[in-house]
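Student: Return a 3D structure for these sequence lines:
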Amino acid sequence: MINGIGKKWKLKSSAPEDFLAEWPEYSPLVMTLLRHRNILTQEAVDKFFNPEYSLDLYDPYLLKNMDKMVKRLQKAINDEEKVVVYGDYDADGVSGAMILEIVLREAGCKNLSVYIPDRSREGYGLNEKAVEEISKGGNQLIITVDCGITDCKETKMAQDLGMEVVITDHHLPLGDLPPTKIIVDPWQKGDKYPFKSLSGAGVAFKVAQALIKKIGNFQIGFDKWLLDLVALSTIADYMPMVDENRTLVKYGLFVLAQARRPGIKALMKVSRVEPEMDRVNLATNLDTRTIAFTLVPRINAASRMDHANTSYDLLKIEDMEQARVLAKKIDGLNRNRQKRVEEIMQEADARYSANPKEIIFAGDESWPKGLLGLIASKLSEKYYRPAFIFNIENGTSKGSARGVEEFNVVSAMTECAKVIKVFNEYGGHAKAGGFSIKSEGIKDFEECLSSIARREFVGKDLSPSLEIDAKITPQEINWDNLESIQKFAPFGPENLEPIFLMENLVVKEKKLVGKNNQHLRLSLSQKNNLQNKVFKAIGFGFGDVFNKLLDESLVDLVFYIEADTWNGARALQLKIVDIKIK
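Tutor: Okay, the predicted model is just below:
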């Protein structure tokens with residue numbers, strides 16, 4: 001067999017008969033998908049299919065230190081202190097900073113500014129130059145968003161300069177916490193918040209909710225109009241699409257579809273996103289895939305190629321004409337970003353393929369810091385290896401790390417930091433992180449990581465796998481099942497869009513489409529199917545499979561089921577995930 005993308009296929013088990021019998025109103029396919037998600041009770045099913053904003057969000061005051069945070073913000077407002085919201089430079093941090101600015105201004109904070117660091121010059125989190133600059137402005141309070149949980153030295157410096165730092169973050173604490181009494185981070189020790197996996201802007205939103213609840217003079221529903229920013233951030237940071245995030249994103253997509261912010265409206269226009277709304281059912285054609293692959297890359301392109309202030313200004317701007325200008329600028333930055341990523345990918349890919357090892361470890365003086373995470377992600381996904389990609393400048397190597405299931409990048413860096421005393425900083429999540437290290441220790445860092453990888457990979461097959469939800473028949477590809485599948489949205493980590501397997505399909509027609517003929521369009525029917533039902537299929541990026549297919553070739557196909565609405569017509573279509581030619 002020829003496998004289109006080189007992954008092992010793993011077919012999940014079907015739901016047992018006794019489980020199917022519990023809810024006869026649902027099809028066996030739906031019951032199988034529920035079981036895969038560990039949704040096993042009527043209460044869980046009802047909450048999953050019908051999340052309620054007023055019922056399914058947790059009290060923000062369950063977060064540790066939230067009462068202290070609100071009291072400190074109230075004091076700043078009442079005393080007319082000079083306050084700085086310090087946000088990270090990515091879509092999550094920018095969205096979270098915008099949420100806090102909107103709420104604080106509405107609450108009466110008169111002396112408020114926002115600081116977003118330069119990704120390339122300043123890097124992630126608080127930095128000493130920024131703290132010094134903020135101090136010179138006479139500011140008294142810094143509120144971090146999507147950063148700060150590991151910034152002990154910088155927090156102490158701010159305090160020595162007469163400022164107070166309060167932290168909102170969603171990253172894992174590493175060792176000692178910064179020397180402040182007010183930290184809101186669901187991952188900190190002693191926090192009993194029921195759901196840990198909020199985005200950085202999600203945590204900022206909980207602060208906003210708490211402040212609104214305490215002050216009480218906001219318009220009813222004020223917080224709901226912040227959900228577009230929460231949805232953007234949750235999708236952008238690839239947070240688990242379960243529990244509270246599922247509710248936030250479902251309602252956030254509906255707010256996004258209304259595009260009340262001129263900047264978002266302009267960005268959708270330049271991205272060719274045309275939102276539709278069903279106000280009765282609070283539904284929209286916007287989905288997480290559209291946001292993740294159209295809006296988020298453009299918002300992040302500003303910090304990667306220029307400065308995140310451009311994206312922040314776009315989200316904040318109220319004039320439609322100015323919004324169009326900024327949206328076009330960001331779209332141009334994104335095009336430049338795509339071109340540069342492709343060039344660097346070819347170079348980094350050639351280096352690794354010439355000398356493959358346990359980890360992907362590469363750096364260069366010419367590689368822009370803002371693109372390193374993208375390169376690391378692409379390489380890690382392609383080779384299924386941890387990837388550490390960095391820029392070398394003035395004796396310092398700053399980079400991004402991406403892990404695989406068998407390799408926690410933050411744990412690995414923590415282990416290396418204990419024996420290699422050249423780290424400036426590091427942090428992140430299990431599968432994504434960043435680091436700054438003195439270049440003199442870069443070889444030792446690589447050897448340490450490789451040693452950990454060899455240890456962790458013993459006896460493990462590091463071939464990436466493709467988990468398939470169910471094997472289905474031609475009869476099961478119908479509009480009713482598609483409608484049922486769409487009820488599982490919004491999709492994301494821990495609630496991925498279901499993919500299916502159909503075997504022994506005969507290729508009736510094949511065609512190359514798209515720019516440079518990189519996409520594959522097929523007409524397929526199942527062998528020995530008396531109904532002779534024909535399916536249309538599209539494989540984006542599968543153009544290289546075209547010449548491997550012969551007339552009447554027999555294939556197994558893994559795919560999504562989707563509605564094709566090209567040219568106003570509406571038809572079922574199979575979106576190819578992988579293909580095996582028999």
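Student: where does this structure have its least confident helix or strand?
Tutor: Using mean pLDDT, DSSP states H and E, strand 2-3 stands out as the lowest-scoring helix or strand of the chain, at a mean of 40.
Student: following that one, which helix or strand shows up next?
Tutor: strand 8-11 (DSSP states H and E).
Student: Would you mind pulling up the elements that the helix or strand in which Leu211 is found packs against?
Tutor: Here Leu211, judged by DSSP H and E, is contained in helix 200-215. Judged by 3 or more C-beta pairs under 8 Å, 6 or more residues apart in numbering; DSSP states H and E, the packing partners of helix 200-215 are helix 66-78, helix 91-106, strand 141-145, strand 164-168, strand 183-184, helix 227-236, helix 243-258. All C-beta atoms are positioned from the backbone trio N, CA, C, and that covers glycine.
Student: again, only this time at 10 Å
Tutor: Contact partners of helix 200-215 among helices and strands, from 3 or more C-beta pairs under 10 Å, 6 or more residues apart in numbering; DSSP states H and E: helix 66-78, strand 83-87, helix 91-106, strand 141-145, strand 164-168, strand 183-184, helix 227-236, helix 243-258.
Student: Could I get the CA-only coordinates of that helix as CSV?
Tutor: The C-alpha trace of helix 200-215 is given here as CSV (Å, rounded to 0.1, in the frame of the first residue of the first chain):
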residue,chain,number,x,y,z
GLY,A,200,-4.5,33.7,28.6
ALA,A,201,-7.3,35.9,27.4
GLY,A,202,-9.7,33.4,29.0
VAL,A,203,-8.1,34.1,32.4
ALA,A,204,-8.3,37.9,31.6
PHE,A,205,-12.0,37.4,30.8
LYS,A,206,-12.6,35.7,34.2
VAL,A,207,-10.9,38.8,35.8
ALA,A,208,-13.3,41.0,33.8
GLN,A,209,-16.3,38.9,34.8
ALA,A,210,-15.3,39.2,38.5
LEU,A,211,-14.8,43.0,38.2
ILE,A,212,-18.2,43.4,36.5
LYS,A,213,-19.9,41.3,39.1
LYS,A,214,-18.3,43.3,41.9
ILE,A,215,-18.9,46.8,40.5
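Student: in the chain, which helix has the most residues?
Tutor: helix 320-354 (DSSP state H).
Student: Tell me how far the residue most central in space within the chain lies from Asp79.
Tutor: Centroid-nearest residue in the chain: Tyr238, 2.3 Å away (criterion: C-alpha atoms, centre = their mean). Distance from Tyr238 to Asp79, counting by C-beta to C-beta, to the nearest Å: 39 Å.
Student: Is it correct that Glu365 is in contact with Thr396?
Tutor: No: using C-beta atoms under 10 Å, Glu365 is not in contact with Thr396; the gap is 11.2 Å.
Student: More neighbours: those two, which one.
Tutor: Per other C-beta atoms under 10 Å, whichever of Glu365 and Thr396 has more neighbours is Thr396, with 17 against 9.
Student: circling back: for the residue nearest to the centre of the chain, list the residues it contacts.
Tutor: By C-beta atoms under 10 Å, 6 or more residues apart in numbering, the contact list for Tyr238 reads 92, 199, 288, 292, 296, 377, 429, 431-432, 492-493.
Student: Mind pulling up the pLDDT for Gly4?
Tutor: Looking at Gly4, its pLDDT is 45.
Student: next one: Trp566
Tutor: 71.
Student: do the same with Glu22
Tutor: For Glu22, the pLDDT comes out at 85.
Student: Now do it against Met31, distance only.
Tutor: Counting by C-beta to C-beta, the gap from Glu22 to Met31 is 8 Å.
Student: on that earlier part again, and the longest helix of the chain, what other elements does it pack with?
Tutor: Packed next to helix 320-354, using 3+ C-beta pairs under 10 Å, 6+ apart, are helix 262-270, helix 296-305, helix 309-316, strand 360-364, helix 372-383, strand 387-393.
Student: does the closest residue to Phe535 other than its chain neighbours sit in a helix or strand, and which one?
Tutor: In this structure, Phe535 finds its nearest non-sequential neighbour in Leu524, 4.8 Å apart by C-beta to C-beta, 6 or more residues apart in numbering. Take DSSP H and E as the rule and Leu524 turns out to sit in strand 519-526.
Student: right, and the helix or strand after that strand?
Tutor: Counting by DSSP H and E, the element that comes right after strand 519-526 along the chain is strand 534-539.
Student: Tell me which strands that following strand pairs with, and in which orientation.
Tutor: Sheet neighbours of strand 534-539, with direction, are listed as strand 519-526 (antiparallel), strand 571-581 (parallel) (DSSP bridges).
Student: For it, buried residues please.
Tutor: Within strand 534-539, the residues scored as buried using 16 or more other C-beta atoms under 10 Å are 535, 537-539.
Student: quick one, what contacts Lys214?
Tutor: 60-61, 66-67, 70-71, 73-74, 107.
Student: Can you say which of those are buried?
Tutor: 60-61, 66, 70, 73-74, 107.
Student: ok, now how distant is Asn495 from Val255?
Tutor: In terms of C-beta to C-beta, Asn495 sits 20 Å off from Val255.
Student: sorry, back to before: tell me the average confidence for the longest helix of the chain?
Tutor: Here the average pLDDT along helix 320-354 is 95.
Student: List the buried residues for the strand holding Leu524?
Tutor: Across strand 519-526, burial judged by 16+ other C-beta under 10 Å covers 519-522, 524-526.
Student: pLDDT on it, on average?
Tutor: pLDDT averaged over strand 519-526 gives 92.
Student: Find out how far that strand is from the centre of the chain, if you would.
Tutor: Its chain's C-alpha centre and that of strand 519-526 lie 31 Å apart, by C-alpha atoms, centre = their mean, to the nearest Å.
Student: now swap in stretch 115-133 and tell me
Tutor: Chain-centre distance of stretch 115-133: 23 Å, with C-alpha atoms, centre = their mean.
Student: buried set for that stretch?
Tutor: Under the neighbour-count criterion of 16+ other C-beta under 10 Å, stretch 115-133 has 115-120, 122-127, 130-131 buried.
Student: Of the residues you listed, which belong to strands?
Tutor: With DSSP state E as the criterion, strands contain Tyr115 from among these.
Student: nearest to Phe205, of the buried residues of stretch 115-133?
Tutor: When these are compared for distance to Phe205 (C-beta to C-beta), Ile116 wins out at 17.9 Å.
Student: what sits against that closest one?
Tutor: 85-90, 93-94, 97, 122, 130, 145, 302-303, 307-312.
Student: Assign a three-state SS to the nearest residue to Ser271 once chain neighbours are set aside, would you?
Tutor: Excluding the flanking residues, the one nearest Ser271 by C-beta to C-beta, 6+ apart is Thr294, at 4.3 Å. Under DSSP: H, G, I helix; E, B strand; the rest coil, Thr294 falls in the helix class.
Student: Thought Arg272 was touching Thr294, still the case?
Tutor: Yes: taking C-beta under 10 Å as the definition, Thr294 is a contact partner of Arg272 at 7.8 Å.
Student: More neighbours: these two, which one.
Tutor: More neighbours surround Thr294 than the other of Thr294 and Arg272, with 17 against 7 (other C-beta under 10 Å).
Student: separation between the more buried one and Lys328?
Tutor: For Thr294, the distance to Lys328 equals 15 Å [C-beta to C-beta].
Student: what do you get for Glu274?
Tutor: According to C-beta to C-beta, Glu274 and Lys328 sit 18 Å apart.
Student: neighbour count winner among those two?
Tutor: Lys328 (14 against 10).
Student: who are the neighbours in contact with the closest residue to Gln518 other than its chain neighbours?
Tutor: Spatially, and ignoring its direct neighbours in sequence, Gln518 is nearest to Gly543 (4.3 Å; C-beta to C-beta, 6+ apart). The neighbours of Gly543, taking C-beta under 10 Å, 6+ apart as the test, are 512-514, 516-521.
Student: Next one: Gly543 from Ala350, what distance?
Tutor: Distance from Gly543 to Ala350, by C-beta to C-beta: 21 Å.
Student: And Glu276, by the same measure?
Tutor: Distance from Glu276 to Ala350, by C-beta to C-beta: 44 Å.
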